[in-house]
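[1] heads up, no residue letters with this:
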């Protein structure tokens, strides 16, 4: 999973635009401040990857992360068309950087069903952790992706995450509160 995270981070550099016009350095962001219970969804069912991406885009607007469903949806689809964000153990990390996104955020979805999503272990997906980052915040985007990938390397963490049945437990795990 670590190698997958590193490879995904390297691959992501192709799609991240760095702002050379600003003297401002992007701030380093961990997953601690990115997730809250209003962006965690349990017991969702989707027919396919596209319907899951559509739900993420819709929730990005409804939870005030983005002001454009179309920008987020098209960005997620474009990223997936380049290479899949499916990891291992039923987890995928769809991500997008877009000017319509106001704050770096995670949208987390635990599904009732499994859907086909090309992954490193060839297994279907039932848990999504979507990373949404404002445009020109490439270093933060890569940092979040790398930090999340490191967390997913820990089998105990991953098992706790995918077996969680409450929004609060998922928020605590992704925020690092439940580290043992």
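    Done, it's in. Not measured: the values here are computed from a predicted model.
[2] okay, now the unreliable bits of this protein?
    Across the chain, the ranges flagged by pLDDT under 70 are 1-32, 176-180.
[3] just want the most central residue of it.
    By Cα atoms, centre = their mean, the chain has its centre lying nearest to residue 130, at 2.2 Å.
[4] doesn't residue 53 belong to a helix?
    Yes: assessed with DSSP: H, G, I helix; E, B strand; the rest coil, residue 53 lies in a helix.
[5] from what I see, it and residue 81 are in contact.
    No: judged on Cβ atoms under 8 Å, residue 53 makes no contact with residue 81 at a distance of 11.0 Å. In short, each C-beta sits where N, CA and C put it, glycine included.
[6] okay, these two: which has more neighbours?
    Taking neighbours as other Cβ atoms under 10 Å, residue 53 and residue 81 compare with residue 53 leading, 24 against 8.
[7] now do the contacts for that one.
    With contact set as Cβ atoms under 8 Å, 6 or more residues apart in numbering, residue 53 has these partners: 73, 76, 77, 80, 94.
[8] any idea what the residue nearest to the centre of the chain is bridged to?
    residue 107 (DSSP bridges).
[9] quickly note the distance from it to residue 156.
    According to Cβ to Cβ, to the nearest Å, residue 130 stands 23 Å off from residue 156.
[10] one step back: would you list the contacts of residue 53 in TSV and tack on neighbour count, distance to residue 40 and secondary structure?
    Below are the contacts of residue 53 laid out as TSV (neighbours: other Cβ atoms under 10 Å; distance: Cβ to Cβ, whole Å; DSSP: H, G, I helix; E, B strand; the rest coil):
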residue	neighbour count	distance to residue 40	secondary structure
73	21	20	helix
76	25	18	helix
77	16	23	helix
80	20	22	helix
94	26	15	coil
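[11] and which of the residues you listed is nearest residue 37?
    The nearest member of the contacts of residue 53 to residue 37, counting by Cβ to Cβ, is residue 94 at 20.0 Å.
[12] surely the closest one and residue 76 touch.
    Yes: under the criterion of Cβ under 8 Å, residue 94 makes contact with residue 76 at 5.2 Å.
[13] name the residues contacting each of those two.
    In terms of Cβ under 8 Å, 6+ apart, residue 94 and residue 76 are both contacted by the residues 53, 56, 130.
[14] using a markdown table, please lay out the residues you listed together with distance to residue 116.
    Below are the shared contacts of residue 94 and residue 76 laid out as a markdown table (distance: Cβ to Cβ, whole Å):
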| residue | distance to residue 116 |
| --- | --- |
| 53 | 13 |
| 56 | 17 |
| 130 | 17 |
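[15] nearest to residue 89, of these?
    Closest to residue 89, out of all of those and judged by Cβ to Cβ, is residue 130, at 16.7 Å.
[16] would you confirm that the closest one contacts residue 93?
    Yes: Residue 130 lies in contact with residue 93 (Cβ under 8 Å); the separation is 7.3 Å.
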